[in-house]
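Enquirer: pasting the sequence and the predicted coordinates here, then a few questions.
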Amino acid sequence: ILSPRGSASTNSVHLFKDGKPTEVTGAAKNLGVYFDSKLSMDEHVLKVVNACRATLVNLWRIAGKLSRRLRTLLVCSLIHSKIDYCNSLMTGMTKSNVQELQKVQNAAARFIFGQRRWQGTTRLRKELHFLPVAERIEFKTCTLVYKCLNGLAPDYLSSRLLKRIGKSIRLRADEDKLLLAIPSTRYKTTERAFSVSGPRIWNKLPRKLRETETLKRFKSDLKTFLFSRAFGDQR
């Protein structure tokens with residue numbers, strides 16, 4: 001049962017099966033992702049943060065026996081894998097949820113360098129070439145859009161995207177054949193749908209990047225673009 005923010009709690013909903021009352025839960029797990037009744041991703045982020053913190057606690061116990069290279073590999077396999085799992089579903093979630101995941105990545109960067117909690121992590125993450133959490137979500141969404149436009153994604157995803165149709169008055173944007181139509185929506189939750197958020201993020205990419213011919217090159221150039229934007233590099 002899904003309900004908009006601010007509506008009545010699912011606790012006030014009563015369901016019956018075979019004449020017997022059935023308990024309604026506030027969140028359900030599907031393919032490793034926790035969905036709550038408002039699709040806020042709050043429950044999923046909480047689970048990911050707690051799992052990552054527990055992992056970092058255990059990693060610190062053996063930190064002295066690990067080289068920096070091994071620490072980096074462990075963070076990528078045990079921490080980033082959890083943060084990045086199905087993270088395209090996190091598009092448009094609250095800034096507080098993004099910040100909670102970012103704190104986890106910051107803690108992971110400190111673990112790699114053996115730094116204390118009060119020390120900043122921007123320089124550390126830049127040296128490690130770690131995309132911030134917000135950019136990691138955008139990276140996944142843009143990659144999915146690229147696959148859809150190049151026949152590398154299943155039809156149920158590709159069919160959600162439509163090319164932009166030129167208006168009667170010709171505009172410069174009409175010359176860009178890779179711009180996508182952005183459906184109009186009435187609700188904030190709907191704006192997070194892939195058919196809406198995907199085209200919106202995709203259209204903001206540089207045209208040269210969207211015209212990249214191979215997936216491997218696209219992902220490389222996209223990471224460079226997002227990294228430069230996040231850390232203010234001039235390349």
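Expert: Structure received. From a predicted model like this one, the values you see are computed outputs, not experimental measurements.
Enquirer: what strand or helix carries the residue nearest to Thr212 when sequence neighbours are not counted?
Expert: Nearest residue to Thr212, sequence neighbours excluded (CB to CB, 6 or more residues apart in numbering): Phe218, at 4.1 Å. Where you see a C-beta, it was placed from the backbone N, CA and C, and this is true even at glycine. Element membership for Phe218 (DSSP states H and E) is helix 215-231.
Enquirer: now do stretch 197-212: distance to the chain's middle.
Expert: 16 Å (CA atoms, centre = their mean, to the nearest Å).
Enquirer: distance of the residue nearest to Thr212 relative to Pro206?
Expert: Relative to Pro206, Phe218 is positioned 12 Å away (CB to CB, to the nearest Å).
Enquirer: who's more crowded, these two?
Expert: Regarding Phe218 and Pro206, a neighbour count based on other CB atoms under 10 Å identifies Phe218 as having more, with 20 against 10.
Enquirer: one step back: can you give me every residue that contacts the residue nearest to Thr212?
Expert: Phe218 makes contact with Thr143, Tyr146, Leu209, Thr212 under the criterion CB atoms under 8 Å, 6 or more residues apart in numbering.
Enquirer: among those residues, who's most crowded?
Expert: Across the contacts of Phe218, neighbour numbers were computed from other CB under 10 Å; Tyr146 holds the maximum, 22 neighbours.
Enquirer: contacts only, for that one.
Expert: Leu152, Arg210, Thr212, Leu215, Phe218.
Enquirer: list just the nearest of those residues to Gly120.
Expert: Using CB to CB, Phe218 comes nearest to Gly120 of the contacts of Tyr146, at 31.8 Å.
Enquirer: alright, I will stop here.
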